[in-house]
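Peer 1: Structure of the sequence below:
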Amino acid sequence: MGIALPNSLTVVSNDQLSGPLLSGIFKPTLIIPEGFQVQFSVRQQQLMINHELVHFHRGDNFYNLFALLFVTGFGFNALTWLGYRAVRRSQALACHAVVLLSLIHISRCLRVASSSAL
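Peer 2: Presented below is the predicted three-dimensional model:
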């Protein structure tokens with residue numbers, strides 16, 4: 001893949017997925033779809049893996065456990081489900097933001113490097 005992954009992160013493939021996902025709390029596993037390298041361009045692969053790595057470094061799966069426990073206890077209330085959905089959406093959007101900001105930063109660094117080389 002060309003991306004440095006943490007040693008504590010196991011990578012497996014699954015033929016039931018359309019995109020990568022992070023699973024597990026105590027033994028996190030990055031699950032990628034079969035044919036991931038063929039199905040997506042190298043750039044798309046990097047962006048998707050980086051997105052999952054942000055989830056990994058933020059510990060989102062650990063927080064999701066607490067959110068699910070809360071939903072289990074108060075699932076009779078529709079607001080609980082709406083709140084859970086909002087939390088999950090916020091996690092994904094936060095990861096998107098981090099990945100996109102890193103792209104902007106890299107782009108600026110490349111422009112500065114190329115202009116100083118002239």
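Peer 1: Give the next helix or strand downstream of the strand or helix carrying residue 44.
Peer 2: Using DSSP states H and E, residue 44 falls within helix 42-58. Next helix or strand after helix 42-58 toward the C-terminus (DSSP H and E): helix 60-74.
Peer 1: between that next one and helix 42-58, how big is the angle?
Peer 2: Taking axes from the mean of the first three to the mean of the last three C-alpha atoms, to 10 degrees, helix 60-74 and helix 42-58 form an angle of 60 degrees between their directions.
Peer 1: Off-centre distance for the helix holding residue 44?
Peer 2: Computed by C-alpha atoms, centre = their mean, to the nearest Å, the chain-centroid distance of helix 42-58 equals 5 Å.
Peer 1: What lies in contact with it?
Peer 2: 1-3, 5-6, 9, 19-22, 28, 30, 36-37, 40, 61, 91, 94-96, 98-99, 102-103 (C-beta atoms under 8 Å, 6 or more residues apart in numbering). From N, CA and C alone the C-beta is placed, and that goes for glycine too.
Peer 1: in it, what counts as buried?
Peer 2: Buried residues in helix 42-58, counted by 16 or more other C-beta atoms under 10 Å: 45-49, 51-56.
Peer 1: Now tabulate those in JSON lines and tack on pLDDT and distance to residue 85.
Peer 2: Formatted as JSON lines, the buried residues of helix 42-58 follow (pLDDT from 0 to 100; distance: C-beta to C-beta, whole Å):
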{"residue": "45", "pLDDT": "94", "distance to residue 85": "28"}
{"residue": "46", "pLDDT": "93", "distance to residue 85": "28"}
{"residue": "47", "pLDDT": "93", "distance to residue 85": "24"}
{"residue": "48", "pLDDT": "95", "distance to residue 85": "22"}
{"residue": "49", "pLDDT": "95", "distance to residue 85": "25"}
{"residue": "51", "pLDDT": "95", "distance to residue 85": "19"}
{"residue": "52", "pLDDT": "96", "distance to residue 85": "20"}
{"residue": "53", "pLDDT": "96", "distance to residue 85": "23"}
{"residue": "54", "pLDDT": "96", "distance to residue 85": "20"}
{"residue": "55", "pLDDT": "96", "distance to residue 85": "17"}
{"residue": "56", "pLDDT": "96", "distance to residue 85": "22"}
